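1. Coordinates only, no sequence provided:
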């Protein structure tokens, strides 16, 4: 069974631009969560989607948004990029919202210049 | 607010040594706890999941324990190998749902 896939793997943008990242969960998994990882802040929760609905949101500004499609694939969007948005963005999937193991993708490395 | 702390931040051991990584959390009302490893520049690999009702889980050379009342978990690695070199992260979920709260990780180096 294929794991969680994320595209693109690397991205370079300039301040003020916007970016869309994609995540395809493991087949059959319906819950997708997004995390931001930076050297200073560690891993921080962005949001969680289940059945195309945002179920949980972390403490990030409104420039960060996401959505989930009927096939459980998810996208996150960051508008008006800032230098501090440079990070590794990780997506995780799990079968349901209950106490299941979460499986992470390889991440998208975003560099904002 | 749940806080997760991992000690030590870094650890260097010779190959073959048994070692223990520590994780503590401030709110004992957790749903489960999960241990991950992360290789440099890569995503997270799930190692072990411990449900709140469990005391420990084992997988190969890895054994994770959970003491909810004291807010602590340990990851025991037996007979360490250079391939075990990575950052080890613990994370807790407070309620049903997918929000993981992570510790800062322990960077492990196993020297040949």
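-> Arrived safely, thanks for sending. Because the structure is predicted, anything quoted here is derived from the model rather than measured.
2. how much space between the residue nearest to the spatial centre of chain A and chain B?
-> Centrality entry for chain A: nearest residue to the mean C-alpha point is residue A:34, 3.3 Å, by CA atoms, centre = their mean. Noted for residue A:34: a distance of 10 Å to chain B, by CB to the nearest CB, to the nearest Å. Just so you know, the C-beta spots here come from the backbone N, C-alpha and C atoms, and that holds for glycine as well.
3. my read: that residue touches residue A:89, true?
-> Yes - the pair residue A:34 and residue A:89 qualifies as a contact (CB atoms under 8 Å) at a distance of 6.6 Å.
4. Overlap of the contact sets of the two?
-> Contact with both residue A:34 and residue A:89 is made by residues A:46, A:76, according to CB atoms under 8 Å, 6 or more residues apart in numbering or on different chains.
5. coming back round to it: which of the helices or strands spans the residue nearest to the centre of chain A?
-> Taking DSSP states H and E as the definition, one finds residue A:34 inside strand A:31-38.
6. Also residue A:15?
-> With secondary structure defined by DSSP H and E, residue A:15 is part of neither a helix nor a strand.
7. List the contacts of the residue of chain B most remote from its centre.
-> For chain B, the C-alpha lying farthest from the average C-alpha position belongs to residue B:112; by CA atoms, centre = their mean, that distance is 22.8 Å. With contacts defined as CB under 8 Å, 6+ apart, the neighbours of residue B:112 are B:15, B:82.
8. pLDDT value on it, please?
-> The predicted local distance difference test score for residue B:112 is 95.
9. before we move on, what about residue A:1?
-> Model confidence at residue A:1, given as pLDDT, is 69.
10. do residue B:99 as well
-> For residue B:99, the model assigns a pLDDT of 86.
11. Quick check: it vs residue B:64, distance?
-> 20 Å (CB to CB, to the nearest Å).
12. same thing with residue B:20?
-> Separation of residue B:20 from residue B:64 (CB to CB) stands at 10 Å.
13. shaky segments in chain B?
-> Using pLDDT under 70 as the threshold, the predicted model of chain B has low-confidence ranges B:96-98.
14. how about the residues of it near chain A?
-> Remark: the part of chain B in contact with chain A comprises B:31-32, B:34, B:36, B:41-46, B:49, B:51-52, B:89, B:91, B:93, B:96-105, using CB under 8 Å from any CB of the partner chain.
15. mind running it again at 7 Å?
-> Along chain B, the residues adjacent to chain A under the rule CB under 7 Å from any CB of the partner chain are B:31-32, B:34, B:42-44, B:46, B:49, B:51, B:96-100, B:102, B:104.
16. Now residue B:27. Nearest residue, chain neighbours left out?
-> Counting by CB to CB, 6 or more residues apart in numbering or on different chains, residue B:27 lies nearest to residue B:2, which is 4.6 Å off, once chain neighbours are set aside.
17. State the number of residues packed around that neighbour.
-> The number of residues packed near residue B:2 is 15, by other CB atoms under 10 Å in any protein chain shown.
18. three-state assignment of it?
-> Of the three states, residue B:2 takes coil according to DSSP: H, G, I helix; E, B strand; the rest coil.
19. wait, isn't it in contact with residue B:24?
-> No - applying CB atoms under 7 Å as the test, residue B:2 and residue B:24 come out as separate, 11.2 Å apart.
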